[in-house]
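Trainee: return atomic coordinates for the entry below.
(chains A, B, C and D)
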Number of protein chains: 2
Amino acid sequence: MRRGLTRQHIIEQAAKQVEEEGLQNLTLTELAEQLQIQTPSLYNHIKNMHDLKNGLASFSLAQFAEVLIQSVIGKARDDALFAIADAYRAFVKAHPNLYRAIIEVPDPFDPDFQNISDRLLSFLFKILEGYALSEEDRVHAVRGLRSIIHGFISLQLHHGFNMNDDQEESLTWILSAYLHGLKAKMK
Amino acid sequence: MRRGLTRQHIIEQAAKQVEEEGLQNLTLTELAEQLQIQTPSLYNHIKNMHDLKNGLASFSLAQFAEVLIQSVIGKARDDALFAIADAYRAFVKAHPNLYRAIIEVPDPFDPDFQNISDRLLSFLFKILEGYALSEEDRVHAVRGLRSIIHGFISLQLHHGFNMNDDQEESLTWILSAYLHGLKAKMK
DNA sequence: ATGACAAAACTAATCACATTAGTTAAAATG
DNA sequence: CATTTTAACTAATGTGATTAGTTTTGTCAT
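Mentor: All right, here's what the predicted structure looks like:
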């Protein structure tokens, strides 16, 4: 029987499955079951598991980027950056497994993925234009920003922090320290 | 035939395999082959794959901690922290797959792993005692330090930074910005 | 020494999944 | 309406983890 099944459809179903059961428990068998087709039929739409995970990563990254971009509307400089950090944290809290899917993308050079990645990067760049930094320093600054937020969230995700008092506060504390140093680099 | 085979031995061989072929390509089949036993015999020494990966993570973390601790001998404050960042980066560059094994430990609450983890944490804490921070701020400060270094390395590992000019410089730049802000928190 | 016991190896089998090959049926195209 | 393409299907294979049950080999107390 003929279905209106599409790659996008498959990826969305995979996302659901991953959200519920984690990235490592994503199986083509269960995926096909949910979609009411036989497992090998999936191969008419995806190349293989790798390809599916790439697609899932792009899909998740797109949502993620959207959230971050929305979060800064009407904000600039420190306000914007704190808003981004908050949105970042909120997304990971709501969709930890999708965030994992982004981080563990099999091929980071996949064109789709790269594309969204680039857009996100230049978005951050633009925010940092609010600070009087040299072109070169701005590159460092963006990397620092990403490192801090990603690093914090990632450690949290992997239960890297033992004590669980005031974890909410920590990220803003760290960020404010970093921003302070960043301003010192301006003169 | 009877071997002098031990859990530790198995983990070390697993480490070799992982260093060469990556964490996802670690198979009990190949591992057994290398050790010249049949695959099921491995189960006399490890509970299962999960358990092996936990063991591998602990093993790797121990080496990692050793390197960091050695790196600060005779150093204090900023000097010590830059040395740690350097040692950190050097370790990950030399053993990227072992670092992955640490990060992707199946059970972060595994007692062995937790143990080394704790020791590493209190080591960082001690370094930060060189700064006049409140107890509470020191907690934040340690988290920030870990976030920055881990985040930076992790993004690099996943090819998260597109441009590859001056990546070496970036981490020190970021760290110095952070330390600047940290000093501002001291008063 | 020797017999009992535990540890560590083995063989055989199962199960879960991804993936490939080859086939068929439905939709689209002209 | 005939042809071609697309998307489904069935059947089969291969890899790997894991379990069950058996045998061998050190170890240790008698």
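Trainee: what does chain A have sitting close to DNA strand D?
Mentor: By the rule CB under 7 Å from any atom of the strand, the part of chain A lying against DNA strand D is A:1-5, A:37-38, A:40-41, A:44-45. In short, each C-beta sits where N, CA and C put it, glycine included.
Trainee: how about a cut-off of 10 Å?
Mentor: With the criterion set to CB under 10 Å from any atom of the strand, chain A comes near DNA strand D through A:1-7, A:9-10, A:32, A:35-45.
Trainee: among those residues, which are in helices?
Mentor: The members of the residues of chain A next to DNA strand D that map onto helices under DSSP state H are A:7, A:9-10, A:32, A:35.
Trainee: which one of the residues you listed is nearest DNA strand C?
Mentor: Set against DNA strand C, the nearest of these by CB to the nearest atom of the strand is residue A:32 (8.0 Å).
Trainee: just to check, the closest one is in contact with residue A:41?
Mentor: Yes - with contacts counted by CB atoms under 8 Å, residue A:32 reaches residue A:41, the gap being 6.7 Å.
Trainee: list the contacts of the residue lying closest to residue A:98 once chain neighbours are set aside.
Mentor: What sits nearest to residue A:98 in space, not counting adjacent residues and going by CB to CB, 6 or more residues apart in numbering or on different chains, is residue A:60, at 4.0 Å. Neighbour list for residue A:60: A:15, A:95, A:98-99, A:101-102 [criterion: CB atoms under 8 Å, 6 or more residues apart in numbering or on different chains].
Trainee: just want the residue of chain A that's nearest DNA strand D.
Mentor: Ranked by CB to the nearest atom of the strand, the top residue of chain A for proximity to DNA strand D is residue A:3, at 2.7 Å.
Trainee: helices of chain A, start to end?
Mentor: Ranges of helices in chain A, per DSSP H, are A:7-21, A:28-35, A:49-71, A:77-94, A:96-103, A:111-128, A:135-157, A:167-184.
Trainee: want to throw those into TSV with distance to residue B:91?
Mentor: Shown next, in TSV, are those (distance: least, CB to CB, whole Å):
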stretch	distance to residue B:91
helix A:7-21	31
helix A:28-35	37
helix A:49-71	27
helix A:77-94	26
helix A:96-103	20
helix A:111-128	26
helix A:135-157	16
helix A:167-184	23
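Trainee: how about the residues of chain A near DNA strand C?
Mentor: Applying CB under 10 Å from any atom of the strand, we find that chain A lies next to DNA strand C at A:1-4, A:24-33, A:38-44, A:46-53.
Trainee: give me the buried entries from those.
Mentor: By neighbour count, with 16 or more other CB atoms under 10 Å in any protein chain shown, those hold A:26, A:28, A:31-32, A:42, A:46, A:51-53 as buried.
Trainee: contacts only, for the residue in chain A that chain B sits nearest to.
Mentor: Residue of chain A nearest chain B, by CB to the nearest CB: residue A:151 (2.1 Å). Contacts for residue A:151 (CB under 8 Å, 6+ apart) come out as B:146-152, B:154.
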